[in-house]
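Visitor: 3D, please:
(one chain, ligands or ions: 1)
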Amino acid sequence: MGRRAKNKQGDPLREPTEHISPQKLGKRKANPGSDQKRPAKKVKNPARPTRLESLQENVKPRRTGKAALSDSEESWGGIEEENHPEGWDDVQDEDAVPRYVISCSSGTTSHRVKWRRSLFQDSDVSSKSDATSVSDTDEEGEDLPITASNFEARSHALDAKLARYAKLDAEELQLAAQVEADDLEGAEDMDADEDEVDAPDNGTVLPTPEERAEEKKVGGPEVHVVQKRMRQCIGILKRWKTSGAKTGRDRTEFVEQLILDIASYYGYNEYLAEKLFQLFPAAEAIEFFDANEVPRPVTIRTNTLRTRRRDLAQALINRGVNLESIGKWTNVGLQVFESSVPIGATPEYLAGHYMLQAASSFLPVISLSPQPHERVLDMASSPGGKTTHMAALMQNTGIIFANDANKARTKSLTANIHRLGCKNVVVCSYDGREFPKVMGGFDRVLLDAPCSGTGVISKDASVKINKTEKDFTLLSHLQKQLILCAIDSVNPASKTGGYLVYSTCSVTIDENEAVVDYALRKRPNAHLVDSGLEFGRPGYTSYRGKSFHDSVKQTRRFYPHVHNMDGFFVAKFRVTKRAKQAEEDKERSYPAADEDVLQDVQFDEKEDERYIQGESPHNHSSGLLMNLTEAKRRRLKAKGLRVTPRNHATTSAISA
Ligand SMILES: C[S@@+](CC[C@H](N)C(=O)[O-])C[C@H]1O[C@@H](n2cnc3c(N)ncnc32)[C@H](O)[C@@H]1O
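Guide: Numbering: from 1, shown residues only. Next comes the predicted model:
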């Protein structure tokens with residue numbers, strides 16, 4: 001991650017060769033000698049920070065401190081990830097060698113500004129975060145070693161510091177909400193002043209067939225040619241309504257050229273470049289692609305089963321780790337800016353005081369909000385970032401079934417569960433589609449589904465070229481099957497819950513809104529509810545001719561270029577009784593012996609006894625007895641307890 005990022009964070013306009021992956025280098029000619037001039041940029045209203053300058057909406061700019069490195073240093077390039085987890089994972093595999101040593105850094109915001117600048121901005125745009133950064137050096141006694149006598153004072157100082165930061169977070173969040181509202185109002189108008197680029201109002205921006213053939217012959221266009229053309233196409237597309245006609249060309253010609261150039265410039269296959277491009281207005285798409293070239297902030301989650309965030313922060317600060325709380329929306333997250341020790345191998349890490357975990361991964365668990373003493377299913381759980389988070393929220397009470405179809409991956413799941421001291425977790429390995437047959441009646445279910453990983457391209461660049469149309473079709477199909485099973489595994493009569501959260505680390509519609517919409521159609525007893533998350537963009541209710549149920553706007557989307565976290569999707573469902581079942585229950589005035597309601601079936605021991613004492617198994621009452629016995633059997637089985645074989649139970653009841 002680090003090495004890759006280091007090579008990619010240069011301004012592509014100034015240092016084209018630095019921005020190109022080896023794969024891309026092979027494909028086209030770099031032109032390091034080019035001294036092309038960038039178009040002059042109009043200065044925006046300086047009083048209003050740009051969207052990206054104003055704030056990392058949810059992951060904050062780094063504050064300068066005594067241990068801070070120069071902001072002129074190139075990015076987060078020093079994060080050494082020797083054995084980075086494959087596509088799906090957003091937490092560390094316990095088996096893997098601890099691998100994060102942050103050897104150099106600059107603030108997240110600086111990065112952001114850098115990659116924001118990469119295609120459109122001038123080099124004289126300074127990072128707002130630097131100007132507004134808060135110095136930590138004024139913390140009283142911060143340089144002194146911790147002793148028994150100053151421990152209390154240091155602890156209070158840290159509290160005060162965290163409180164100050166929380167206040168800043170609140171202000172930043174408010175500003176972010178405002179900025180996000182602006183975005184939604186007119187994403188097309190975004191940064192309009194940056195697009196006064198040197199695009200002629202005619203079709204000459206597009207290559208002629210001969211030029212295209214020539215580009216192909218030499219292994220792709222020159223880097224500076226692609227950059228310039230991308231800027232020009234975006235400029236033209238933005239002004240299309242007013243001056244598109246002057247080009248004498250069709251709009252789709254510019255879109256197609258832009259997609260081809262994005263694919264070649266950022267190293268995507270054309271299918272995926274188009275799929276991702278279509279999610280955003282043209283200029284925003286570039287921000288998204290740029291953001292995928294930069295690693296996300298390193299974040300950790302405090303394991304509250306073992307420690308408190310304040311104590312953990314203090315312990316790590318004492319080891320020379322530069323960190324701060326992630327934001328108001330989480331009370332367990334810490335963002336690590338710099339560390340002289342490997343974050344994946346500190347004594348605190350080994351003692352299970354924290355999990356190395358992407359900030360976006362907190363979201364589905366926060367949304368699901370499992371409660372103490374509940375019965376919870378984590379349907380696709382390895383390596384256990386979310387399972388262990390849920391165990392902590394449940395204070396090690398109740399029970400979590402942590403399932404993963406891939407048995408090999410449950411090793412790291414088990415290791416994480418042990419390291420973090422989770423005592424309420426049972427690990428199992430079924431295909432998720434076998435639920436609720438193997439077990440049902442859960443108060444809450446988390447389906448963090450297997451996905452394409454288009455939200456985590458900065459962690460796994462192989463997605464850029466690996467994923468084909470077929471992958472998306474297959475994945476979407478699997479996700480649809482899994483979500484129905486997840487819904488059916490929820491106990492609609494749960495006294496405390498009855499919820500399912502569906503999440504992916506992908507940003508495509510096929511894997512998110514389309515899956516959720518399918519579930520709503522197939523399971524009328526499942527309804528989308530508020531995710532409970534304070535930020536995130538609403539899910540699409542219509543997209544390229546498809547329309548989804550209006551409630552899909554309650555789902556939440558998270559993006560690297562907007563929220564400075566991995567691309568993510570979260571949908572929360574409330575599962576109620578099926579209409580037929582509810583109707584039957586009403587008629588019979590007792591719950592049906594259905595797996596979904598087994599948890600709440602009340603057994604009248606006296607009445608059972610009467611039946612056991614001699615009523616015929618063929619009359620209505622004994623039918624009830626059979627039902628109840630069967631229900632009881634299933635309930636025990638669902639709890640993993642041994643049950644008497646069916647025949648035996650019936651026989652003994654009859655013969656008694
Ligand atoms: C996104 S990862 C889960 C990450 C995990 N929730 C966490 O927070 O650490 C998806 C997981 O789904 C598992 N998986 C794939 N197909 C599955 C299926 N049919 N049933 C259950 N699990 C499946 C994969 O092995 C993978 O571990």
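Visitor: switch to C-alpha atoms for all contacts and neighbour counts from now on
Guide: OK.
Visitor: give me the low-pLDDT residue ranges for the stretch 551-656 of the chain?
Guide: Applying pLDDT under 70 to the stretch 551-656 of the chain flags the ranges 585, 588-636, 638-656.
Visitor: What separation do you get for Glu210 and Gly421?
Guide: Separation of Glu210 from Gly421 (C-alpha to C-alpha, to the nearest Å) stands at 66 Å.
Visitor: Using the record's assignment, carve the chain into domains.
Guide: Structural domains annotated on the chain: 2-188+294-356, 359-579, 603-655, as defined by automatic domain parsing.
Visitor: Compare the ones you listed and say which comes out lowest on pLDDT.
Guide: Here the lowest mean pLDDT among the domains of the chain goes to domain 603-655, at a mean of 45.
Visitor: Can you name the residues of the protein sitting close to the ligand?
Guide: By C-alpha under 6 Å from any ligand atom, the part of the chain that sits against the ligand consists of 88-89, 91, 379-386, 404-406, 431-432, 448-450.
Visitor: Counting only helices, which of those make the cut?
Guide: Applying DSSP state H to those, the entries found in helices are Gly385, Lys386.
Visitor: Quick one, which of the residues of the chain next to the ligand are buried?
Guide: 88-89, 91, 379-386, 404-405, 432, 448-450 (16 or more other C-alpha atoms under 10 Å).
Visitor: surely Ile539 meets Thr555?
Guide: That one is not Ile; residue 539 is Gly. Yes: using C-alpha atoms under 8 Å, Gly539 is in contact with Thr555, at 5.0 Å.
Visitor: Name the residue in the two with the higher neighbour count.
Guide: Remark: of Gly539 and Thr555, Thr555 carries more neighbours, 28 against 22, as counted by other C-alpha atoms under 10 Å.
Visitor: who touches the more buried one in this structure?
Guide: For Thr555, the contacting residues are Leu528, Asp530, Ser531, Pro538, Gly539, Phe569, Val570, Ala571, Lys572, by C-alpha atoms under 8 Å, 6 or more residues apart in numbering.
Visitor: if you set the cut-off to 10 Å instead, what comes out?
Guide: 502-503, 512-513, 516, 528-533, 536-541, 569-573 (C-alpha atoms under 10 Å, 6 or more residues apart in numbering).
Visitor: Which among those count as buried?
Guide: Buried among the contacts of Thr555 (16+ other C-alpha under 10 Å): 502-503, 512-513, 516, 528-529, 531-532, 536-541, 569-573.
Visitor: Just the residues you listed: which are in strands?
Guide: Tyr502, Ser503, Leu528, Val529, Arg537, Pro538, Phe569, Val570, Ala571, Lys572, Phe573 (DSSP state E).
Visitor: The last one - nearest residue in space that isn't next to it in sequence?
Guide: What sits nearest to Phe573 in space, not counting adjacent residues and going by C-alpha to C-alpha, 6 or more residues apart in numbering, is Leu528, at 4.4 Å.
Visitor: Surely Pro492 forms part of a strand?
Guide: No: if the criterion is DSSP: H, G, I helix; E, B strand; the rest coil, then Pro492 is coil and not within a strand.
Visitor: I'd like to know how many residues surround it.
Guide: Neighbours around Pro492, by other C-alpha under 10 Å: 26.
Visitor: Contact partners for the closest residue to it other than its chain neighbours?
Guide: The spatially closest residue to Pro492, leaving aside those adjacent along the chain, is Thr576, at 4.6 Å (C-alpha to C-alpha, 6+ apart). Residues counted as contacts of Thr576 (C-alpha under 10 Å, 6+ apart) are 487, 490-494, 498-499, 523-527, 582, 596.
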